[in-house]
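Undergrad: Sequence first, predicted coordinates after that:
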Amino acid sequence: MEKEKHHIVAFPTYLWVLVGLIILTFLSVGITSIELGELTVAGALVIASVKTLLVLTYFMHLKFDKPYIRIMVGFVFAVFLVVIIITFFDYYYR
Amino acid sequence: MQAATPIPTDVSYLEYKGKYKGIFSWIFSTDHKRIALLYLYSMMVMFLVGVLLGLAMKLELIAPGKTIMEAKDYNAVFTVHGVIMIFMIVVPGLPAVFGNFLLPIMIGAKDVAFPKLNLLSWYIYVLGALLVIASVLFGNGTPDTGWTFYAPYSFKTGTNLLPAIFGAFVLGFSSILTGLNFIVTIHRMRAPGMTWTKMPLFPWTLYGTGWIQLLATPVVGITLVLVSLERIFGIGVFDPALGGDPILYQHLFWIYSHPAVYIMILPAMGAISEIIPTFAQKHVFGYRAIVASTLAIAFVGYFVWGHHMFTAGMSGTAQYTFSLLTFLVAIPSAIKVFNWISTMHQGSIRLETPFYWAASFIFVFMIGGLSGLVLGSLATDVYVHDTAFVVAHFHFIVFGGVGFAFFGAIHYWFPKMFGRMYDKGLANTGWIVFFIGFLALYAPMFYLGMKGMPRRYYDYLPEFHAANILSTLGSWVMAFGLVIILINLFRSAKHGPKADKNPWNGKTLEWTVPSPPPVENFAETPVYGEKDGPYEYQ
Ligand code: HEM
Ligand SMILES: [Cu+2]
């Protein structure tokens, strides 16, 4: 355990990520004022996913950790995705 | 991170005097072994309450019509019984008690990765339990929805439901923290040389369980919050009158609660996988198959929740998808059964109490599992859904599975935990009485369900009378067995003869440390060599 190095992230990187997140937040509010119909929700979800990814990679250090942590997180998302898909086997075909 | 005074290696965790005295040396202790006992005692108290409620229901059902309580009291009793037994007993279950006590020792560590978080999870457990109790004692009427809190009734009932829901929510946090703690502990704190494939099977099942606790529990948390918001503000997510969908509630609830049944059963399977090789004095058969089936159960278990909703009005596509997936999840469970039986084959079996529990576990688990397949097939489930058949199924598998494994585990690890041995004659008597009572109590419910007796009613038609009498008598026999078991264990914890380090000739690491173990478990960190493994019998 002692031998492990902690990666130190440069301050500007964090700042840029923060700026990115703020812009995306405005975007996800902005998208509601455009008339997109059903796509509004999809759009908001895409933006939210991008934000999640940013937080995971930089703030939560996934980018700098060992690969197995990334695999675990990926796996969790895969399970989540499959759960959603199966739920729609009900709603879509009802 | 060093304590001011070094912690002695020759004082047992039961005698060690830390900073605090008396009861505070327990409730402020971050020692995983003391926390395990805190869980054991608090769960025992709640378990006894749950058992009494169960006996009350059976007494009510000894004859048709009103016997000892009104219909609405019966509804309250089965609700509180279910909430206690599920959220406070079998979900924390083996991980909270035996996982806490043994996981660090079995992998050669001094404690879990986050000892303070571990204590916090017990505090949260107590808080959740108090909230549920509050829902019984205060407000206008005890909750009467059943442990499943189905919409729309859960926001229509006038009873004091909010504290109970909130209690279940809080108990979920305790479960999440334990799961997280165990995952990190297993990843980071295994003894040098203990590779993944040399880790004993009980820690392996705790690992699988940890992932389910971590990923599934938040879903029920958010669902219960939504029900509360529906109750307080009428937000209309589940309320059909407001455009909501009550079936969505069932989806969300079972997305947690089906994986939760694997939170219950996986560690139970792990304990059985420890007990059987020890008493067969033989290397466990198919170590890798058991590990793989553990992970497979944890994984596939996420995708079968819909089998609780076959009659709820799901789409046909969803129905057969879930039915198919349900059949798949039965395969890894069967693999384990074959492995246990093959482990016994040509072993030199020692008939001790833990072995009796383990063998009867396999028996009741198979009945429970196979009846699950009856429920998992669409055509048959329509007939027995919401009948006594379902009640028989899940008691065979939850009480018969998790309960028997728990009793097996306590009789197996008791000498390690308390440093004393129990009276084996009494323990065997307790087991056989309990086992007979158990079968008499639950087997008739299969019959009753197939004859069409619905669950969750305080009354029934006259033709169901005979089987119900048998069932109630069984409940008394089982309770009597339980009393024998508990008295024996309590007395032996204080007065039993001193136990050796390794009374059963077990090969896992916990049998290499003194009984009861010293505070930091190992005087020297154990190292696994090339040839060492968890079950190396000659
Ligand atoms: C072979 C494996 C299993 C199969 C195929 C199976 C299948 C099912 C099905 C289809 C139901 C719903 C029946 C209905 O409501 O009509 C059910 C209910 C239930 N099962 Fe299982 N099951 C299996 C294993 C387990 C295990 C391992 C546990 C717990 C440790 C468990 C606990 C429960 C509980 C608690 C319920 C009732 C929930 C309620 O409605 O209150 N099952 N099972
Ligand atoms: Cu299920």
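TA: That came in fine, so what should we check first? Ligands and ions are numbered 1, 2, ... in the order given.
Undergrad: Run a quick neighbour tally on the residue in chain B positioned nearest to ligand 1.
TA: For chain B and ligand 1, the shortest gap (CB to the nearest ligand atom) falls at B:Gly372, measuring 2.5 Å. Where C-beta positions appear, they are placed from N, C-alpha and C, glycine not excepted. Per other CB atoms under 10 Å in any protein chain shown, the neighbour tally for B:Gly372 reads 21.
Undergrad: and if you look at B:Ser348?
TA: B:Ser348: 9 neighbours (other CB under 10 Å).
Undergrad: Not counting sequence-adjacent ones, nearest residue to it?
TA: B:Gln281 (5.0 Å; CB to CB, 6 or more residues apart in numbering or on different chains).
Undergrad: again with B:Glu274
TA: Per CB to CB, 6+ apart, closest to B:Glu274 is B:Phe202, 5.0 Å.
Undergrad: can you count the residues close to the one you found?
TA: Residues lying near B:Phe202 (other CB under 10 Å) number 29.
Undergrad: cool, and B:Ile335?
TA: Neighbour count for B:Ile335, taken as other CB under 10 Å: 17.
Undergrad: could you say which helix or strand contains the nearest residue to it once chain neighbours are set aside?
TA: Computed as CB to CB, 6+ apart, the closest residue to B:Ile335 that is not its neighbour in sequence is B:Ser293, at 4.4 Å. Per DSSP states H and E: B:Ser293 is located in helix B:287-300.
Undergrad: Against which helices or strands is that helix packed?
TA: Packing partners of helix B:287-300 (3 or more CB pairs under 8 Å, 6 or more residues apart in numbering or on different chains; DSSP states H and E): helix B:201-233, helix B:246-280, helix B:316-344.
Undergrad: Can you give me the domain boundaries for chain A?
TA: Using automatic domain parsing, the domain parsing of chain A gives A:1-60, A:66-94.
Undergrad: coming back round to it: does the residue nearest to B:Ser348 touch B:Asn505 like I think?
TA: Yes. Counting by CB atoms under 8 Å, B:Gln281 touches B:Asn505, with 6.8 Å between them.
Undergrad: between the two, who's got more neighbours?
TA: Legend: neighbour count by other CB under 10 Å for B:Gln281 and B:Asn505, higher for B:Gln281 (17 against 12).
Undergrad: Could you list which residues are in contact with that one?
TA: Taking CB atoms under 8 Å, 6 or more residues apart in numbering or on different chains, we find B:Gln281 in contact with B:Gly347, B:Ser348, B:Ile349, B:Arg350, B:Asn505, B:Tyr537.
Undergrad: Can you list phi and psi of B:Val284 for me?
TA: When read as degrees, to the nearest 10, the backbone of B:Val284 gives phi -60, psi 140.
Undergrad: which residues sit in contact with the residue positioned nearest the centre of chain B?
TA: Nearest to the mean C-alpha position of chain B, by CA atoms, centre = their mean, lies B:Val90 at 2.7 Å. In this structure, B:Val90 makes contact with B:Met264, B:Val398, B:Val402, B:Gly403, judged by CB under 8 Å, 6+ apart.
Undergrad: The third one contacts B:Tyr262, correct?
TA: Put plainly, it is B:Val402. No. With contacts defined as CB under 8 Å, B:Val402 does not count as touching B:Tyr262, sitting 10.9 Å away.
Undergrad: picking that back up, name the nearest residue to the residue nearest to the centre of chain B, sequence neighbours excluded.
TA: B:Met264 (4.4 Å).
Undergrad: Confirm for me that the one you found is in contact with B:Pro95.
TA: No. The pair B:Met264 and B:Pro95 does not pass the contact test of CB under 8 Å, sitting 9.6 Å apart.
Undergrad: what about the two, which has more around it?
TA: Comparing B:Met264 with B:Pro95 by other CB under 10 Å, the one with more neighbours is B:Pro95, at 28 against 24.
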